[in-house]
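*Asks:* I would like the atomic coordinates for the input below:
(one chain, ligands or ions: 1)
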Amino acid sequence: MRTANVNGRLTIVPAAIATIVDGAVVHGVDVERASAGRFGSDPQAIFAEWDAFSGWAQDVSLSEADVVIRPDDLGPVAPCPAQVFAIGLNYAEHAAEANLAIPSFPPTFTKFPTCLAGPSTSVPLPQGSVDWEVELVVVIGRRARLVDRDGAWLHVAGVAVGQDISERELQMIGTAPQFSLAKSFPCFGPIGPALVTIDELADPDDLAIGCSIDGETVQSARTSMMVFDVPALIVHLSSVLTLLPGDVIFTGTPSGVGMGRNPKRFLQPGEVIESEIEGIGRLRNLTTG
Ligand code: ZN
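*Replies:* Take a look at the predicted model:
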């Protein structure tokens, strides 16, 4: 099952949503209307009743689609999560390009929720050195505390493509790095295009992931190359705190970011960031000055 945030309304969408940023018109089913009000329209509130919703949604037919969806109609699949986690250095080659050791413990920071954006939202570039980071994004579907590895995926509502856009000067400023602020400028967290449930994926632990800038491939990897895979991240985070339905986890980026290049390369106004994960879909975000 795939769901999207269409002009702020929860909508069940077909697999064609994967490439909607290429300009196709896709049709979806409005959840509040189709359920006669049993489930509300709020794309964030639904995670509190995810089990009931996903059970009901299995019987919804996309032949009943009543909503016309264009790329600019789409917002973030989880627009206002209580908690957003982001993991650093979670691919060995990315740690190497950052001249840092592979971590023995997942480095964790936040992206403040106001930075979340839709799959085709334009990204204003603040002054400085703005970089790209394609990432698998996980949205939690069940309250999770002290979860074991075997149960970890059962606590996930679905996955999406994400961009952890990062302003490197602020990130590295001073004696205490400012990861959370530097990654939270407006629109620095595009996610989407839809939330895809795990049963739609052949192997949720091994998906091709990539990013291109103006059509040039800059990142290309597989999620199976993560140092800490999704179950390990859920075990780790839930050993410290309680993960809530609707929480978002950015799971780290593979190698190929601009900061790791020689010479370094950063985003320029007018460049297009395309981010893609196999079986989930594609984001296309234009940068503006
Ligand atoms: Zn990142």
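*Asks:* run through the neighbouring helices and strands of the helix or strand hosting I249.
*Replies:* Per DSSP states H and E, I249 falls inside strand 248-250. Of the remaining helices and strands, those touching strand 248-250 by 3 or more C-beta pairs under 8 Å, 6 or more residues apart in numbering; DSSP states H and E are strand 84-87, strand 134-140, helix 230-240. Quick note: C-beta positions are derived from backbone N, CA and C, even for glycine.
*Asks:* pLDDT (mean, whole number) over it?
*Replies:* The predicted model assigns strand 248-250 a mean pLDDT of 99.
*Asks:* give me whichever of the helices and strands packed on strand 248-250 is most buried.
*Replies:* Of all the helices and strands packed on strand 248-250, strand 134-140 has the most neighbours on average by mean count of other C-beta atoms under 10 Å, namely a mean of 27.
*Asks:* partner strands of that strand, with direction?
*Replies:* strand 156-163 (antiparallel), strand 248-250 (antiparallel) (DSSP bridges).
*Asks:* just the C-alphas of the first one, formatted as CSV.
*Replies:* What it means is strand 156-163. Coordinates of each C-alpha in strand 156-163 appear next as CSV, following Å, rounded to 0.1, in the frame of the first residue of the first chain:
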residue,chain,number,x,y,z
VAL,A,156,7.5,0.6,10.8
ALA,A,157,4.5,2.1,9.0
GLY,A,158,6.5,2.5,5.8
VAL,A,159,9.5,4.0,4.0
ALA,A,160,10.1,6.9,1.7
VAL,A,161,12.9,8.6,-0.1
GLY,A,162,14.5,11.5,1.7
GLN,A,163,17.1,14.2,1.3
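*Asks:* outline the domain layout of this protein.
*Replies:* 2-74, 75-288 (automatic domain parsing).
*Asks:* format these as JSON lines; extra columns: distance to the ion.
*Replies:* Formatted as JSON lines, the domains of the chain follow (distance: least, C-beta to the ion, whole Å):
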{"stretch": "domain 2-74", "distance to the ion": "21"}
{"stretch": "domain 75-288", "distance to the ion": "3"}
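*Asks:* just to revisit the earlier point, quick one, which of the helices and strands packed on strand 248-250 gets closest to D150.
*Replies:* Nearest to D150 among the helices and strands packed on strand 248-250 is helix 230-240 (8.0 Å), distances taken as C-beta to C-beta.
*Asks:* same question for that closest one, mean pLDDT?
*Replies:* Averaging pLDDT residue by residue across helix 230-240 gives 98.
*Asks:* output it as CSV, nothing but the C-alphas.
*Replies:* The C-alpha coordinates for helix 230-240 follow below in CSV (Å, rounded to 0.1, in the frame of the first residue of the first chain):
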residue,chain,number,x,y,z
VAL,A,230,17.0,-0.4,9.9
PRO,A,231,16.4,-3.1,12.5
ALA,A,232,19.7,-2.1,14.3
LEU,A,233,18.7,1.5,14.3
ILE,A,234,15.2,0.8,15.8
VAL,A,235,16.8,-1.5,18.4
HIS,A,236,19.3,1.2,19.3
LEU,A,237,17.0,4.2,19.4
SER,A,238,14.3,2.3,21.3
SER,A,239,16.8,1.1,23.9
VAL,A,240,17.2,4.8,24.9
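*Asks:* isn't G128 right next to E167, touching?
*Replies:* Yes: using C-beta atoms under 8 Å, G128 makes contact with E167 at a distance of 4.8 Å.
*Asks:* who's more crowded, these two?
*Replies:* With neighbours defined as other C-beta atoms under 10 Å, G128 and E167 compare such that E167 has more, 24 against 16.
*Asks:* contacting residues for the more buried one?
*Replies:* By C-beta atoms under 8 Å, 6 or more residues apart in numbering, the contact list for E167 reads P126, G128, S129, V130, D131, A182, K183, F185, F188.
*Asks:* mind running it again at 6 Å?
*Replies:* Going by C-beta atoms under 6 Å, 6 or more residues apart in numbering, E167 touches P126, G128, V130, A182.
*Asks:* now the nearest residue to H94 once chain neighbours are set aside: how far from E133?
*Replies:* Computed as C-beta to C-beta, 6 or more residues apart in numbering, the closest residue to H94 that is not its neighbour in sequence is S255, at 4.5 Å. Computed as C-beta to C-beta, to the nearest Å, the S255 to E133 distance reads 10 Å.
*Asks:* more neighbours: which of those two?
*Replies:* Taking other C-beta under 10 Å, S255 and E133 do not tie; E133 has more neighbours (25 against 18).
*Asks:* now do the SS call for the nearest residue to the more buried one once chain neighbours are set aside.
*Replies:* In this structure, E133 finds its nearest non-sequential neighbour in T253, 3.6 Å apart by C-beta to C-beta, 6+ apart. Secondary structure, DSSP: H, G, I helix; E, B strand; the rest coil: T253 is coil.
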